[in-house]
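Need a 3D model of the following:
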Amino acid sequence: MKLFSSYIKISFLLLLVLIVADTRAQVLHVPNYPKGYFRWPLDIQPALVANFGELRPNHYHMGLDCRTDQKQNLRVSAAADGYIAKVKIEPFGFGRCIYINHPNGLTTLYAHLNDFNPELEKYVTAAQYKQRSWRVFLDIPAAMFPVTKGQFIAYSGSTGGSEGPHVHFEIRDTKTEKVLNPLLFGFPITDDIAPDVLRLAVYDRSISVFEQSPKMYPVKKVNGAYVPVPATLICNTDKVSFAITSFDRYTGSTSRNGIFQAILYDNEIPIVGFQIDSISYDETRYLNAHIDYRMRSTGGPFVQHLSRLPGYPNGIYKIVNGDGVIRIDDDSVHKIKIEVKDAYGNTSFVQFDVKRGPDVSKKINTGPASTGSQKMFYPGNVNVFENSNISFYLPANSLYDSIHFRYSEIVPKQGNTIYQLHSPDVPVHGYFPVKIKAAIPIGLRDKVVMERYWNAKTDFAKAVPLTSWNEIGWYKASFREFGNFQLLIDTIPPNIVPVGFKDGMNMAKQNRLAFVVGDNTEEIKNFTATLDGNWLRFTNDKGRTFIYIFDERCLPGEHELKVSAEDCVGNRTEKVYHFVR
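Prediction:
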């Protein structure tokens, strides 16, 4: 009988080990993307400025930033056979960008480019003149621009949202447009350095992460693992979660890049992990649920949650045995391990023990106290606030954790009432509509803008007057951050200032025309230029400066140039210049 009982126990233990091993395998599964199919897009030694999934304001970095040694106009080549499917040109973001579709169902993207190859440059310029727009997003027929692996497609640059010369490179699933981690495709980047871990954050999960400051612990390496001081954490709560500050480095580089994955274990049982193997642009703003947004927005470091917040779909998180909130509702010791990896499999560990404190009423939270009189907003709900002067609602997917919503009014000596809707240290996932009531003279109702501001940051949007019988006198606009809101009347047209150019000038020795355009609301809706009555393409890279480089559309002789700019409520400025070339 004892032998049979021992057999049952051994069988049970073996089964448990197999279950844990199988669960662990699910957490650690890495997609098997084709190795060697794509080549590096530049003809220099492969090196990175930034990697896929690196943490940025309100988004993940969605590709590789390929180093160009601080140079522009290096030759950029197609990563594999295929055809140029799209071209995008925009003032910020990608700047000048090429999409190439490949026969294996993937698309590569190349951004922040200067000139395209001559045939493509000619095609794009013709399309811009046809659409009378410098900003374009062109779908190109598949047979028009076939390319082979290594074929020259463009010159590198620093256009768009780039802060220095480099090539932004992405690999996407063509059908879903989901962006895949390029470092899983076998590019020759040498990396034998495990991720660095700087600190550990501990949260009291009986309350919202947005209404506390976590307990922060620096970590040090002991016997190959990172350990906080003290190594046993006493927490006066029955529910805790964890976050870490960690970054990765490549061999020979000092750049701090993003980590690939982190997995939380409780007593050797995998609980939850995140893995940054693929992200869509629809998902990239969920970075604000992956980090402690409140800490970062108030000047603190990035810390990455080892738990999935209530208002975050699974996304990069792989749920195994829970969402990452650990219950410590007895006197047992929880042996916690966090496994941190880069895309090449180099691994670091954080290890410590957690135990419930003697008095769970003394919370680990050190953040601001919440008052019961404030209105509660919950993730997953449509949350509404309204009174006789202001109204807004948050769609159901807007919040990542609950908050005690705060509201106040400021009545200045001059101007309209300012309404404070909470504060922007709590992130909102998408846009939400705000309606404000005000008595505006009839002739000015189409000149109303809504301003949202907090500290030095200001946003403006046209405030649309509502026309239904029960909403007369209300004005509506949409934003995606909390803050202070007010209505303003804007009757000031944009300002157009020529750069190195004046009316009647002889431009024979010049190679361009340039104008700086500004507005009191910073919202330029349209800029238009015509030369001798014909639309003229001015580029608009990185903001307010509009530039035309002389070409065959401006022949020697006398010319008349008209430029106009319009803001978001229709205020318009037009200027006329004459020059000789």
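
in this protein, which segments are predicted with low confidence?
For the chain, applying pLDDT under 70 flags the ranges 1-28, 360-373.

Quick check: which helices or strands does the helix or strand containing M295 pack against?
Element membership of M295 [criterion: DSSP states H and E] is helix 293-297. With contacts defined as 3 or more C-beta pairs under 8 Å, 6 or more residues apart in numbering; DSSP states H and E, helix 293-297 has no helix or strand neighbours. All C-beta spots, glycine's among them, are computed from the backbone N, C-alpha and C.

Report the next helix or strand after that helix in sequence order.
Once the chain leaves helix 293-297, the next helix or strand it forms, by DSSP H and E, is strand 304-305.

any idea how far that following strand is from the chain center?
Once both centres are worked out by C-alpha atoms, centre = their mean, to the nearest Å, strand 304-305 turns out to sit 16 Å from its chain's centre.

Flag every buried residue along the helix or strand following it.
Per DSSP H and E, the first helix or strand lying C-terminal to strand 304-305 is strand 317-319. By neighbour count with 16 or more other C-beta atoms under 10 Å, strand 317-319 contains the buried residues Y317, K318.

So what are the sheet partners of strand 317-319 and their directions?
Note on strand 317-319: by DSSP bridges, its sheet partners are strand 269-275 (antiparallel).

Mind listing residues that contact the next helix or strand after the strand it pairs with?
Downstream of strand 269-275, the next assigned helix or strand under DSSP H and E is strand 278-279. Defining contact as C-beta atoms under 8 Å, 6 or more residues apart in numbering, one finds that strand 278-279 is touched by P31, G53, Y60, M62, D173, K178, V179, L180, N181, G315, I316.

Going along the chain, name the helices of the stretch 101-250 of the chain.
118-131 (DSSP state H, counting those that start in this stretch).

Okay, strands next: where are they in it?
Along the stretch 101-250 of the chain, counting by DSSP state E, counting those that start in this stretch, strands occupy 106-111, 113-116, 136-139, 146-147, 152-156, 166-173, 179-180, 196-204, 215-222, 225-228, 232-235, 239-247.

Save the ones you listed as CSV, and put in mean neighbour count too.
Shown next, in CSV, are the strands of the stretch 101-250 of the chain (neighbours: other C-beta atoms under 10 Å):
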stretch, mean neighbour count
strand 106-111, 23
strand 113-116, 21
strand 136-139, 12
strand 146-147, 18
strand 152-156, 20
strand 166-173, 23
strand 179-180, 22
strand 196-204, 22
strand 215-222, 15
strand 225-228, 19
strand 232-235, 17
strand 239-247, 23
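
tell me the contacts of K447?
Listed by C-beta under 8 Å, 6+ apart, the contact set of K447 reads I489, D490, T491, V569, G570, N571.

Show me which pair in those residues is furthest apart.
Based on C-beta to C-beta, the longest span within the contacts of K447 runs between I489 and G570 and measures 12.8 Å.

the more surrounded of these two?
I489 (17 against 13; other C-beta atoms under 10 Å).

Test my guess that that one contacts L444.
Yes - I489 lies in contact with L444 (C-beta atoms under 8 Å); the separation is 5.3 Å.

hmm, back to that, minimum distance to V448: which of the strands of the stretch 101-250 of the chain has it?
Among those, strand 136-139 comes nearest to V448, with 30.8 Å by C-beta to C-beta.

Which other helices and strands does the closest one contact?
When contacts are defined as 3+ C-beta pairs under 8 Å, 6+ apart, strand 136-139 sits against strand 82-89, helix 118-131.

TSV for the ones you listed, including mean neighbour count and distance to R537?
Converted to TSV, the helices and strands packed on strand 136-139 look like this (neighbours: other C-beta atoms under 10 Å; distance: least, C-beta to C-beta, whole Å):
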stretch	mean neighbour count	distance to R537
strand 82-89	21	10
helix 118-131	14	5
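
so which of those comes closest to G273?
Shortest distance between G273 and those, using C-beta to C-beta, is found for strand 82-89: 34.2 Å.

domain ranges for this protein?
1-26, 48-185, 196-356, 375-489, 495-580 (automatic domain parsing).

Looking at those, which is nearest to G36?
Closest of those to G36 is domain 48-185, at 8.2 Å (criterion: C-beta to C-beta).

Span of that closest one from start to end?
Domain 48-185 has an end-to-end distance of 15 Å (C-alpha to C-alpha, to the nearest Å).

about what we covered before: alpha carbons of the helix holding M295, as CSV, please.
This file holds the C-alpha atoms of helix 293-297, laid out as CSV (Å, rounded to 0.1, in the frame of the first residue of the first chain):
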residue,chain,number,x,y,z
TYR,A,293,3.1,56.4,-17.1
ARG,A,294,2.5,58.6,-14.1
MET,A,295,6.1,58.2,-13.0
ARG,A,296,7.5,58.8,-16.4
SER,A,297,5.3,61.9,-17.1
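
Residues touching that helix, excluding its own?
Residues from elsewhere that reach helix 293-297 (C-beta under 8 Å, 6+ apart): 201, 209-210, 213-214, 301-303, 400, 424-427.

Show the buried residues in the residues you listed.
The neighbour count (16+ other C-beta under 10 Å) marks A201, V209, F210, S213, P214, F302, V303, Y400, P424, V426, P427 as buried among these.

give me the number of residues near the closest residue in space to the second one that isn't next to it in sequence?
Looking back up the chat, that one is V209. Distances taken as C-beta to C-beta, 6 or more residues apart in numbering put D401 closest to V209, at 5.2 Å, once the chain neighbours are dropped. If you count neighbours by other C-beta under 10 Å, D401 ends up with 22.

likewise R285?
Around R285 there are 16 residues (other C-beta under 10 Å).

would it count as being in a helix?
Yes - when DSSP: H, G, I helix; E, B strand; the rest coil is applied, R285 is found to be in a helix.

dump the residue contacts of it.
Counting by C-beta under 8 Å, 6+ apart, R285 touches N58, H59, H429, G430.

Can you check those residues and name whichever has the most neighbours?
Using other C-beta under 10 Å as the neighbour test, the contacts of R285 are led by H429, with 19 neighbours.

what helix or strand does that residue sit in?
Using DSSP H and E, H429 falls outside every helix and strand.

measure it to N58 for me?
10 Å (C-beta to C-beta, to the nearest Å).

Now stretch 64-78: buried residues?
Of the residues in stretch 64-78, L64, D65, C66, R67, T68, Q72, L74, V76, S77, A78 count as buried by neighbour count, 16+ other C-beta under 10 Å.

actually stretch 410-428, not the one I wrote
N416, T417, I418, Y419, L421, H422, S423, P424, V426, P427, V428.

Among the residues you listed, which pair sits farthest apart?
The distance between the two most remote of those (C-beta to C-beta) is 27.0 Å, for N416 and P427.

Using CSV, list the CA coordinates for stretch 281-289.
What follows is stretch 281-289, C-alpha atoms only, in CSV (Å, rounded to 0.1, in the frame of the first residue of the first chain):
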residue,chain,number,x,y,z
TYR,A,281,0.4,50.6,-35.0
ASP,A,282,-3.1,50.3,-33.6
GLU,A,283,-1.5,48.8,-30.5
THR,A,284,1.6,51.0,-30.1
ARG,A,285,-0.1,53.5,-27.7
TYR,A,286,-0.6,50.7,-25.2
LEU,A,287,3.0,51.4,-24.2
ASN,A,288,1.3,53.8,-21.7
ALA,A,289,-0.2,50.7,-20.0
